[in-house]
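Trainee: need coordinates for the below:
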Amino acid sequence: MASFFGIELEKGHRALPHAEATASLVLWFASDLPGRISTLRDSIAEAVRAQRTGGDTPALLEGARREARVSKNLFNLVQRQTVRRIVLDEGIRIDGRGLADIRPITVEVGLIPRAHGSGLFTRGETQALTVATLGASSDVQRIDTISPETEKRYLHHYNFPPYSTGENKMMRGPSRRDIGHGHLAERALVPVLPGHDEFPYVIRLVSECVTSNGSTSMASTCGSTLALMDAGVPIKAPVAGAAMGLITEPDGRFVVLTDILGKEDSIGDMDFKVTGTRDGVTALQMDIKVQGISEAIIRDGLKQALAARLQILDKMAEVMPEARHEMSDFAPRITT
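Mentor: The predicted model follows:
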């Protein structure tokens, strides 16, 4: 008997989902993969319940239900191990992409006519709509902290509503995650913003995550660039970003994944966000689930992030090669 989550299981019980899970995961229908995995997990639990129910006594029925719950947990473990093994051994990801492949990208600007600037950035199932608003110098945010900075003329706010992941929840204020993601996308654009003498406007960006399947902060960064350029803000260079993932093994093997999905973030060992221009990096953020990472992992991550960033910037340049020379008719005018 083997123990799993404190419950004794027969070896056959552990083996039950493995072959079916592997067969399901290699079918690579990305649009329906979450639903198929959920259906498979439920069918395995039902099969275990049917196997174990040999009588009508309450004790037998409760035991069957308990083992069905354990089977679902066991399936999640096998799913994680299977996906990691296929990525490491075969170089195929859960949606069929190669290790360095980026999901399909579409770019649109000027979607909201009355806004001073807007940009819609879509990468796979992740989509962010960023809206730019320009204000006078009196609109600066006043800061009263121990920081020497007392005013802020560039603000980026990030919203992650429940419907972006298909959930129906109460709409509340920004979470710590929302604030952190907003700060990351904000820092990514600060190095390329024009000075006050060149562009004496207060700039506020709001990124709404319309749909989400990983890397919404990077989509917000790209959307911010588009919205600023659409608003006529003379930024020094366009900025884009992508999130790198990681799968490692105790024997030292590892692979870095470009533009990770939400599932790859949860089963992987790293979420390494890199933003920048064609010439350099403007912001970094890393979350890891392992004890540490090697120089080789950092090197490969930055190398793949650069290649991804250049591809994204090329896509953005097809729609918005440079900032507009004139601001929106609805934007305020500052004259000197």
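Trainee: now residue 83, what's its secondary structure?
Mentor: Classification of residue 83 using DSSP: H, G, I helix; E, B strand; the rest coil returns helix.
Trainee: for it, give its distance to residue 285.
Mentor: Separation of residue 83 from residue 285 (C-beta to C-beta, to the nearest Å) stands at 24 Å. (C-beta placed from N, C-alpha, C; glycine too.)
Trainee: now do residue 220
Mentor: With C-beta to C-beta as the criterion, residue 220 and residue 285 are 13 Å apart.
Trainee: those two: which is more packed in?
Mentor: residue 220 (33 against 19; other C-beta atoms under 10 Å).
Trainee: helix or strand for that one, which one?
Mentor: helix 216-230 (DSSP states H and E).
Trainee: what mean pLDDT does that helix have?
Mentor: Averaging pLDDT along helix 216-230 gives 98.
Trainee: return that helix as CSV; C-alpha atoms alone will do.
Mentor: Taking C-alpha atoms only, helix 216-230 is exported to CSV below (Å, rounded to 0.1, in the frame of the first residue of the first chain):
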residue,chain,number,x,y,z
THR,A,216,-1.2,40.2,-18.0
SER,A,217,1.4,42.5,-16.5
MET,A,218,3.4,42.2,-19.7
ALA,A,219,0.4,42.7,-21.8
SER,A,220,-0.3,45.9,-19.8
THR,A,221,3.2,47.0,-20.4
CYS,A,222,2.7,46.6,-24.2
GLY,A,223,-0.7,48.2,-24.0
SER,A,224,0.8,51.2,-22.1
THR,A,225,3.3,51.8,-24.9
LEU,A,226,0.5,51.7,-27.5
ALA,A,227,-1.7,54.0,-25.5
LEU,A,228,1.0,56.6,-24.9
MET,A,229,2.0,56.6,-28.6
ASP,A,230,-1.7,56.9,-29.6
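Trainee: next secondary structure after that helix?
Mentor: strand 240-248.
Trainee: packing partners of that following strand?
Mentor: Counting contacts by 3 or more C-beta pairs under 8 Å, 6 or more residues apart in numbering; DSSP states H and E, strand 240-248 is packed against helix 58-90, helix 216-230, strand 254-258, helix 262-267, strand 270-276, helix 295-319.
Trainee: redo the ones you listed as CSV? Include distance to residue 118.
Mentor: Below are the helices and strands packed on strand 240-248 laid out as CSV (distance: least, C-beta to C-beta, whole Å):
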stretch, distance to residue 118
helix 58-90, 37
helix 216-230, 6
strand 254-258, 27
helix 262-267, 25
strand 270-276, 20
helix 295-319, 12
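Trainee: select from these the stretch with the lowest mean pLDDT.
Mentor: Among the helices and strands packed on strand 240-248, helix 58-90 carries the lowest mean pLDDT, at a mean of 73.
Trainee: closest to the centroid, which residue in the chain?
Mentor: When C-alpha atoms, centre = their mean is applied to the chain, the residue found nearest the centroid is residue 215 (1.8 Å).
Trainee: excluding covalently adjacent residues, which one is nearest to that one?
Mentor: residue 243 (4.2 Å; C-beta to C-beta, 6 or more residues apart in numbering).
Trainee: how many other residues sit next to the one you found?
Mentor: Residue 243 has 28 nearby residues by other C-beta under 10 Å.
Trainee: what's the answer for the one 10 residues further on, then?
Mentor: Applying the criterion other C-beta under 10 Å, we find 10 residues in the vicinity of residue 253.
Trainee: got the domain ranges for this structure?
Mentor: Here the domain parsing of the chain from automatic domain parsing is 2-90, 105-319.
Trainee: out of those, deepest packed?
Mentor: Neighbour counts (mean count of other C-beta atoms under 10 Å) averaged over each of the domains of the chain peak at domain 105-319, with a mean of 18.
Trainee: got the end-to-end distance for it?
Mentor: Start and end residues of domain 105-319 are separated by 12 Å (C-alpha to C-alpha, to the nearest Å).
Trainee: ok, stretch 160-174 next?
Mentor: Length of stretch 160-174, first residue to last, C-alpha to C-alpha: 8 Å.
Trainee: show me what it is in contact with.
Mentor: For stretch 160-174, contacts defined as C-beta atoms under 8 Å, 6 or more residues apart in numbering pick out 157-159, 175, 177-178, 181-182, 208-212, 216.
Trainee: in CSV: those, plus secondary structure and distance to residue 202.
Mentor: Output for the contacts of stretch 160-174, formatted as CSV (DSSP: H, G, I helix; E, B strand; the rest coil; distance: C-beta to C-beta, whole Å):
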residue, secondary structure, distance to residue 202
157, strand, 13
158, strand, 18
159, strand, 20
175, coil, 25
177, helix, 26
178, helix, 21
181, helix, 22
182, helix, 17
208, strand, 20
209, strand, 24
210, strand, 26
211, strand, 30
212, coil, 29
216, helix, 25
